[in-house]
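1. Pasting the sequence and the predicted coordinates here, then a few questions.
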Amino acid sequence: MSESPVRVLHAVNHLGLGGTEKVLQLLVANLDKSRFIPAVYSKKDGPRAKQIRASGIDTYIGLDFSDVLNRFRPHIVHIHRAGWPDPEMLTPLRRAKVPVVVETNVFGRHDPSPQAAVIDATLFVSRFCLDRFATVTAIDARPPRYDFLYNPVNTDFFAARAVPDRDFSVPAAGRISRADPGKWSALALEFLPHLVRDIPDFRYHIIGCIPEARAYIEDNGLADNVVLHDPVETDGEICAFLDRVSVLAHANDTGESFGLVIAEAMACGLPVVTHPAEGLRDNAQLELVDDRVTGLVAADAEEYANALKYLFAHPEKARRMGRAGREKAQRLYRMQTIARQLEQRYTQLLESKGIV
């Protein structure tokens, strides 16, 4: 390379506790520091900024993006965004003549704006998002311009820390999301009366409860079956929460463009119950959860309740599904593997620009 290591600036709108920001954190932390010097830019601060700095990576928070580009002089800028037009982020990249621009397109959206021409490579977070993008736009979405790169998961940590002797017959399920109505589905609640009718001691552990869910729980006399938990920030806290349950209960009307919580539960050895999303909504949850292999897929509330009952009644099958999920997560989502794959893409793009 003309200058080594290569400077890589990852950019995002904020550094909150969402999946997009966690993915950025894991990617920059796992880049080969003998080859790459990573840094992070964010318009707004958040709890992940402190965690990123604790790993020895510089952050530029709330500063003018153009000034940061001039100061850091990146060979590569990697932006993490929803996919729709974002001139505030993209315009400074052209002005600064950044050699290589990569985007992680979280929701698989198409940006037809002239500013998007600065992007050299788009990485979707699942094969589903890549394929849907190609179908909807009729764009020839092939590498190196378009590809997918799964979100990274600290699978080694979860495998080592998750309870090794889990009792899958315990009737307890867990749900993790932000306290955002957009992360919920009616299905996430409507299965409860069906299940509690047959398993009165069922416990539903929830992180990210919303007012509508609280009202449903109270109105249907389900308060004794639901345990509400505070938000968590670290993988250790996620693992401790998942140690309480026998299955991850996933339900979200909009579906998942990847499903980081699903992948983390799989890495802990948990089977997952999920559902298909309608139409062209996100459906990568079905890319992660193989029906009857790493979990169960249910179409309605009664099927969902029956899926949970089946797992509690067949703990050895639940254990096998959990083991298959852990093996899949280790094979496809291990953060070290994903970082190496990203480095290969960076190198290919630098070579195509004559920078190596």
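-> Alright, I've got the coordinates.
2. which stretches of the stretch 201-350 of the chain form strands?
-> 203-207, 226-229, 247-249, 272-274, 295-297 (DSSP state E, counting those that start in this stretch).
3. Kindly reformat the ones you listed as a markdown table containing mean pLDDT and distance to residue 30.
-> For every residue, glycine as well, the C-beta is placed using N, CA and C. What follows is those, written out as a markdown table (pLDDT from 0 to 100; distance: least, C-beta to C-beta, whole Å):
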| stretch | mean pLDDT | distance to residue 30 |
| --- | --- | --- |
| strand 203-207 | 98 | 26 |
| strand 226-229 | 98 | 28 |
| strand 247-249 | 98 | 24 |
| strand 272-274 | 98 | 25 |
| strand 295-297 | 98 | 27 |
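4. Ok, which of those comes nearest residue 348?
-> Nearest to residue 348 among these is strand 272-274 (33.9 Å), distances taken as C-beta to C-beta.
5. ok so, going back, need the strands of the stretch 201-350 of the chain in a markdown table (columns: distance to residue 343 and mean neighbour count).
-> Listed next are those as a markdown table, based on distance: least, C-beta to C-beta, whole Å; neighbours: other C-beta atoms under 10 Å:
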| stretch | distance to residue 343 | mean neighbour count |
| --- | --- | --- |
| strand 203-207 | 33 | 20 |
| strand 226-229 | 37 | 16 |
| strand 247-249 | 31 | 26 |
| strand 272-274 | 30 | 26 |
| strand 295-297 | 31 | 24 |
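6. want to try TSV for these, with distance to residue 28 as columns?
-> Shown next, in TSV, are the strands of the stretch 201-350 of the chain (distance: least, C-beta to C-beta, whole Å):
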stretch	distance to residue 28
strand 203-207	25
strand 226-229	29
strand 247-249	27
strand 272-274	28
strand 295-297	31
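7. Okay, now the unreliable bits of the stretch 201-350 of the chain?
-> Across the stretch 201-350 of the chain, nothing is flagged by pLDDT under 70.
8. how is this structure carved up into domains?
-> Domain ranges of the chain: 6-152+334-352, 155-332, per automatic domain parsing.
9. measure the first one end to end?
-> Using C-alpha to C-alpha, to the nearest Å, the span of domain 6-152+334-352 from its first residue to its last is 15 Å.
10. Likewise for stretch 129-144?
-> 16 Å.
11. quick one: buried residues of that stretch?
-> 129, 130, 132, 133, 134, 141 (16 or more other C-beta atoms under 10 Å).
12. Ok, stretch 102-117 next?
-> Quick answer for stretch 102-117 (16+ other C-beta under 10 Å): 102, 103, 104, 105, 106, 107, 108, 109, 111, 115, 116.
13. which residues sit against it?
-> For stretch 102-117, contacts defined as C-beta atoms under 8 Å, 6 or more residues apart in numbering pick out 20, 23, 76-87, 90-91, 94, 119-125, 128-130, 132-133, 136-137, 139, 149, 257, 282, 345-346, 349.
14. So residue 242 sits against residue 270, correct?
-> Yes: taking C-beta atoms under 8 Å as the definition, residue 242 is a contact partner of residue 270 at 6.2 Å.
15. And those two? Which one has more around it.
-> Neighbours were counted for residue 242 and for residue 270 using other C-beta atoms under 10 Å; residue 270 has more, 30 against 26.
16. for that one, what are its contacts?
-> 242, 245, 246, 247, 248, 322, 325.
17. so the second one sits right up against residue 175, yeah?
-> No: with contact defined as C-beta under 8 Å, residue 245 does not reach residue 175; the gap is 9.0 Å.
18. which residues do the two both contact?
-> In contact with both residue 245 and residue 175: residue 205, using C-beta under 8 Å, 6+ apart.
19. Filter the contacts of stretch 102-117 down to just the ones in strands.
-> Counting by DSSP state E, the contacts of stretch 102-117 place 76, 77, 78, 79, 80, 81, 121, 122, 123, 124 in strands.
20. of those, buried ones?
-> For the ones in strands among the contacts of stretch 102-117, a neighbour count by 16+ other C-beta under 10 Å gives the buried set as 76, 77, 78, 79, 80, 81, 121, 122, 123, 124.
21. what is in contact with residue 242 and residue 270 at once?
-> residue 248.
22. For residue 3, give me the pLDDT.
-> Note for residue 3: predicted pLDDT of 55.
23. if we can go back for a sec, let's see which of the buried residues of stretch 129-144 end up in helices.
-> 129, 130, 132, 133, 134 (DSSP state H).
24. what's the closest non-adjacent residue to the first one?
-> Looking back up the chat, that one is residue 129. Excluding the flanking residues, the one nearest residue 129 by C-beta to C-beta, 6 or more residues apart in numbering is residue 108, at 3.4 Å.
25. Need the phi and psi values for that neighbour.
-> Torsion angles at residue 108 (phi, psi; degrees, to the nearest 10) stand at phi 70, psi 30.
26. The residue lying closest to residue 192 once chain neighbours are set aside: how many residues sit nearby?
-> Leaving aside its sequence neighbours, residue 192 sits nearest to residue 222 (C-beta to C-beta, 6+ apart; 5.4 Å). Using other C-beta under 10 Å, residue 222 has 17 neighbouring residues.
27. Isn't residue 222 up against residue 196?
-> Yes: using C-beta under 8 Å, residue 222 is in contact with residue 196, at 6.5 Å.
28. Which residues does the one helix or strand residue 351 maps to contact?
-> Counting by DSSP states H and E, the element that carries residue 351 is helix 335-352. Here helix 335-352 makes contact (C-beta under 8 Å, 6+ apart) with 1, 6, 8, 26-27, 29-32, 35-36, 75-76, 99-100, 102, 120-121, 123, 144, 147, 149-156, 356.
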